[in-house]
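Participant: Sequence first, then the predicted structure:
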Amino acid sequence: MKQVLRISSVLAAGIGTTAAIWLSNKPNRMKAKNVLNKWKKKVNPDGSTIKDRFPIEKGGNPEPDNIEDNNMVSEGGIYSVKFYNEKMQ
């Protein structure tokens with residue numbers, strides 16, 4: 001087990017050193033930057049961020065005056081505890 005850990009740590013150090021040496025050259029950094037930008041466009045083609053896709057206005061800030069919302073949250077908490085207790089018993 002120790003030998004596998006030693007081999008993997010040496011391999012990781014070698015890859016890191018090779019990457020550092022390769023990225024020390026400016027044209028190589030530009031190539032790597034272009035590749036990363038292409039990957040980003042493939043993953044998220046429209047360029048939207050998480051904030052754009054999930055507009056949550058009240059997330060984490062409940063209003064004490066909103067009784068209906070507070071009741072819904074408390075019922076949700078009770079439901080999960082009740083479900084857990086039923087499964088465990």
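Facilitator: Perfect, thanks for sending it.
Participant: give me the element Gln3 is part of.
Facilitator: Per DSSP states H and E, Gln3 falls inside helix 2-23.
Participant: Quick check: next helix or strand after the lowest-mean-pLDDT helix or strand in the chain?
Facilitator: Lowest by mean pLDDT, DSSP states H and E among the helices and strands of the chain is helix 50-53, with a mean of 64. Following helix 50-53 in sequence order, the next helix or strand is helix 67-88 (DSSP H and E).
Participant: Now do the buried residues in that next one.
Facilitator: Within helix 67-88, no residue is scored as buried using 16 or more other C-beta atoms under 10 Å. C-beta: built from backbone N, CA, C; applies to glycine.
Participant: Export it to CSV, keeping only CA atoms.
Facilitator: The C-alpha coordinates for helix 67-88 follow below in CSV (Å, rounded to 0.1, in the frame of the first residue of the first chain):
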residue,chain,number,x,y,z
ILE,A,67,-46.2,33.2,8.4
GLU,A,68,-47.2,31.0,5.4
ASP,A,69,-43.6,30.6,4.3
ASN,A,70,-42.3,29.9,7.8
ASN,A,71,-45.0,27.3,8.3
MET,A,72,-44.0,25.6,5.1
VAL,A,73,-40.4,25.5,6.1
SER,A,74,-41.2,24.1,9.6
GLU,A,75,-43.4,21.4,8.1
GLY,A,76,-40.7,20.4,5.7
GLY,A,77,-38.3,20.0,8.7
ILE,A,78,-40.8,17.9,10.6
TYR,A,79,-41.5,15.7,7.6
SER,A,80,-37.9,14.7,7.2
VAL,A,81,-37.4,14.0,10.9
LYS,A,82,-40.6,11.9,11.0
PHE,A,83,-39.6,10.0,7.9
TYR,A,84,-36.2,9.2,9.4
ASN,A,85,-37.7,8.1,12.7
GLU,A,86,-40.1,5.8,11.0
LYS,A,87,-37.4,4.1,9.0
MET,A,88,-35.1,3.7,12.0
